[in-house]
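In: coordinates only, sequence not included:
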C-alpha cells in the first residue's frame with residue numbers, strides 16, 4: 001500500500017530520475033522554460049481553486065523540477081507550499097483553461113513526434129495533469145488519453161514520487177500497479193511499557209518495525225536494523241596505490257536511558273566510525289533533520305563495519321560512509337527496507353548533491369569480485385567508466401549494473417527493496433543481456449542491433465541505468481576517441497604503482513628472467529593503450545615504460561659492482577627521476593572529486 005494523506009496537506013514530491021529521463025527529452029530553450037512556468041503556475045496561481053488540490057500541485061512541481069531542478073520560481077513555490085506560506089501569483093498563466101490548452105497541445109506533439117526516447121512518457125504525464133486542471137474538457141480528451149496508454153508500463157507511475165490520496169473523482173480510471181512499500185508516515189500504537197518512545201517489533205519479520213509517527217518531536221524509528229554494502233579505500237597513500245575493498249555497514253537502533261543529552265549525536269559507533277566525520281556528516285544530518293523535523297530522543301543508531309573480502313579496517317577513508325549512513329538513517333526513520341545487495345559509497349554536499357568516490361572503475365570491479373552486481377554511483381563515475389570501456393574493460397559494465405544519481409534524494413527509490421517495477425524490469429532485462437556473454441564477446445554483444453534495442457528499452461524504463469547507457473554508446477561508436485586526462489593518468493598509475501612498490505622491496509635482490517617474465521605484461525598493456533590515452537598523458541606513459549625496462553635491466557644483473565651494472569644503475573636513476581618529474585605534473589588531478597567544488601546540490605541528471 002502506498003503512502004496516503006489528507007489532500008489538504010502539501011507533501012513535497014520526490015524529484016526522482018525514475019519519473020522520466022531528463023536527458024532524453026527533446027524540449028530545449030524557451031519551450032522548456034515555458035513548460036516549467038506553466039507547471040509552476042498550476043502549483044502557485046490557484047490557492048483557493050477546488051479543482052486544483054495539493055496532489056495535483058505536487059505532480060506539477062515534480063515534473064517542473066525534474067526538467068530544471070534549479071528553477072528559482074519552481075523552488076520558491078515548492079518551499080512556500082511546504083511551509084504553508086502564501087505567495088503572490090505569477091505574472092503569466094492565470095487561467096486554468098489556457099494552461100490546459102498549452103499542456104495538451106505540447107503533450108500530443110510529444111506523443112506524436114517522439115523526437116527523443118522520453119518524449120512519449122512526458123507527454124502522458126502532461127496529459128494527466130491536463131485531465132485534472134481542465135475538467136470541462138476532460139470528457140473530450142478521455143478517449144485520447146486512454147488510447148495513448150497501450151501498455152501498462154507506459155502508464156504514468158507516480159509511486160514514491162507523490163503521496164497517494166483517496167481519489168476525489170473517477171475522471172481518470174486507475175490502472176493496477178505493483179504494491180508500493182509500507183507507509184512511511186502513519187500513526188503507530190502507543191509505545192511498549194517500560195520503553196518510552198520505542199515501538200514494539202511487529203510480526204512482519206526481523207528488523208521490521210511498526211510504521212513511525214508523523215514528522216516532529218514524537219517521531220519514532222520505523223525499523224530496527226538496516227544493511228548496505230560499501231567500498232572503502234585507504235586514506236592518503238601514494239597516488240595510484242588505490243586498493244578499495246568491500247565492507248558491510250549495519251545500522252541498529254539502540255535504546256538510551258531517558259532522552260538523549262543536549263548536543264549528543266543521534267548516531268555512534270564503537271569502532272570509531274563517525275568520530276572524525278562530524279563535518280562530513282553535517283549536511284546529511286541536516287537533510288534528515290529537515291525531512292523529519294527531529295530525531296527520536298529515546299534511541300540512537302549504532303553503526304558497525306565488517307569486511308567482506310578480508311580487508312583491513314585500519315586507516316580507511318571514512319568520509320565515503322556518509323551517503324550509506326544517510327540512507328540507512330532514512331530507512332530506519334521511514335520504515336523502508338533496503339536492498340542489501342547494492343553497493344553504495346560516497347559523500348553528500350551541503351545542498352544534497354551525491355558524490356561517489358574517485359577510481360570508480362576500481363570499486364565497481366571489486367564489487368563484482370565480492371559477488372555484488374549492483375552499484376549506485378555519482379556523476380563522476382560516467383567519465384571514469386567511459387575510460388574503462390575505451391581501455392578494453394567492456395565486460396566490467398556487463399557484470400555489474402551501475403545506476404547513476406546526482407542527488408541524495410534519488411538514492412532510496414533505487415536502493416529500496418520494493419522499488420519501482422520499471423527498475424526491477426530493467427534489471428531483469430539487463431541480466432538477460434549479460435547472460436549472452438557465454439555466446440558472444442563483450443564487443444560483439446554491444447554492436448548487436450537486437451542488444452542495442454534492448455538497451456534502449458532499459459533506458460526507457462529508467463534513465464539512471466548507467467551501464468546500459470554507456471554500453472549502448474560504446475556499441476554505436478559514440479564514445480570519445482581517447483580517455484579523459486584523469487582517466488589516462490589513472491591508467492598509467494595503475495601499472496606504475498605496483499612496479500614502484502616492487503622496486504623499493506627488491507632493489508638489492510638479484511633476479512633472473514626477462515622483461516617478458518617480470519614486467520612484460522604491464523609494458524605490453526601500456527603500449528597497447530597508449531594510442532587511446534589523452535595526448536598530455538602519453539609522455540607519462542612513455543616515461544613509465546622506460547622506467548620498467550630500466551628496472552628490469554638492473555634487477556637481472558648478478559654483479560652489481562661491474563661497470564655494466566653501474567651504467568644500468570645510472571640509467572635506472574635517470575629513468576626514475578624522469579617518471580617522477582612527469583608524474584608530479586599531474587599531482588592533485590586525481591585527488592579532488594569531479595564536480596565537488598561546484599554546486600553541490602545540483603539535482604537531476606543534466
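Out: Arrived safely, thanks for sending. Just so we're clear, the structure is a prediction, and the values are computed from it rather than from any experiment.

In: please make it C-alpha for all contacts and neighbour counts, starting now.
Out: Fine.

In: tell me if residue 227 really is in a helix.
Out: No. Checked against DSSP: H, G, I helix; E, B strand; the rest coil, residue 227 lies outside a helix; its state is strand.

In: which residues does it contact?
Out: 248-251, 328, 338, 340 (CA atoms under 8 Å, 6 or more residues apart in numbering).

In: any idea which of those residues the model trusts least?
Out: Confidence by pLDDT is poorest for residue 340 among these, given 86.

In: quick check: closest non-adjacent residue to that one.
Out: With CA to CA, 6 or more residues apart in numbering as the criterion, residue 340 has its nearest non-adjacent residue at 4.7 Å, and that residue is residue 228.

In: dump the residue contacts of the one you found.
Out: Per CA under 8 Å, 6+ apart, neighbours of residue 228: 248-250, 324, 328, 338-344.

In: can you list those residues in JSON lines and add secondary structure?
Out: Converted to JSON lines, those look like this (three-state DSSP):
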{"residue": "248", "secondary structure": "strand"}
{"residue": "249", "secondary structure": "strand"}
{"residue": "250", "secondary structure": "strand"}
{"residue": "324", "secondary structure": "helix"}
{"residue": "328", "secondary structure": "helix"}
{"residue": "338", "secondary structure": "strand"}
{"residue": "339", "secondary structure": "coil"}
{"residue": "340", "secondary structure": "coil"}
{"residue": "341", "secondary structure": "coil"}
{"residue": "342", "secondary structure": "strand"}
{"residue": "343", "secondary structure": "strand"}
{"residue": "344", "secondary structure": "strand"}
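
In: how near is the residue nearest the centre of the chain to residue 53?
Out: Central residue of the chain (CA atoms, centre = their mean): residue 405, 3.0 Å from the mean position. For residue 405, the distance to residue 53 equals 30 Å [CA to CA, to the nearest Å].

In: coming back round to it: quick check: closest non-adjacent residue to the residue nearest to the centre of the chain.
Out: Closest residue to residue 405 apart from its sequence neighbours, by CA to CA, 6+ apart: residue 378 at 5.3 Å.

In: what of residue 320?
Out: Using CA to CA, 6+ apart, the nearest residue to residue 320 is residue 346, at 4.1 Å.

In: likewise residue 401?
Out: residue 374 (4.7 Å).

In: spit out the contact partners of the one you found.
Out: 341-343, 400-403.

In: repeat the analysis, applying 7 Å as the threshold.
Out: 341-343, 400-402 (CA atoms under 7 Å, 6 or more residues apart in numbering).

In: next, give phi and psi for it.
Out: Per-residue torsions, residue 374: phi -140, psi 130 (degrees, to the nearest 10).

In: now it, which residues is it bridged with?
Out: residue 342, residue 401 (DSSP bridges).

In: give me the pLDDT for it.
Out: The model's pLDDT for residue 374 equals 93.

In: then residue 216?
Out: 56.

In: helix, strand or coil for residue 528?
Out: Classified using three-state DSSP, residue 528 is helix.

In: so where does residue 363 fall, helix or strand?
Out: Residue 363 belongs to helix 360-369 when assigned by DSSP states H and E.

In: buried set for that helix?
Out: 360-368 (16 or more other CA atoms under 10 Å).

In: kindly report the same for stretch 488-503.
Out: Per 16+ other CA under 10 Å, stretch 488-503 contains these buried residues: 488-497, 499, 503.

In: quick check: the farthest pair among the contacts of residue 227?
Out: Using CA to CA, the contacts of residue 227 span at most 13.3 Å, a distance reached by 248 and 338.

In: neighbour count: the two, which is higher?
Out: Taking neighbours as other CA atoms under 10 Å, residue 248 and residue 338 compare with residue 338 leading, 22 against 16.

In: nearest residue to the more buried one in space, please, no chain neighbours.
Out: residue 416 (4.1 Å).

In: would you confirm that the one you found contacts residue 341?
Out: No. Residue 416 lies out of contact with residue 341 (CA atoms under 7 Å); the separation is 10.5 Å.

In: could you pull up the mean pLDDT of stretch 255-268?
Out: For stretch 255-268, mean pLDDT rounds to 74.

In: sorry, back to before: let's have the contacts of residue 374 in a markdown table, adding distance to residue 45.
Out: Converted to a markdown table, the contacts of residue 374 look like this (distance: CA to CA, whole Å):
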| residue | distance to residue 45 |
| --- | --- |
| 341 | 45 |
| 342 | 42 |
| 343 | 43 |
| 400 | 46 |
| 401 | 43 |
| 402 | 41 |
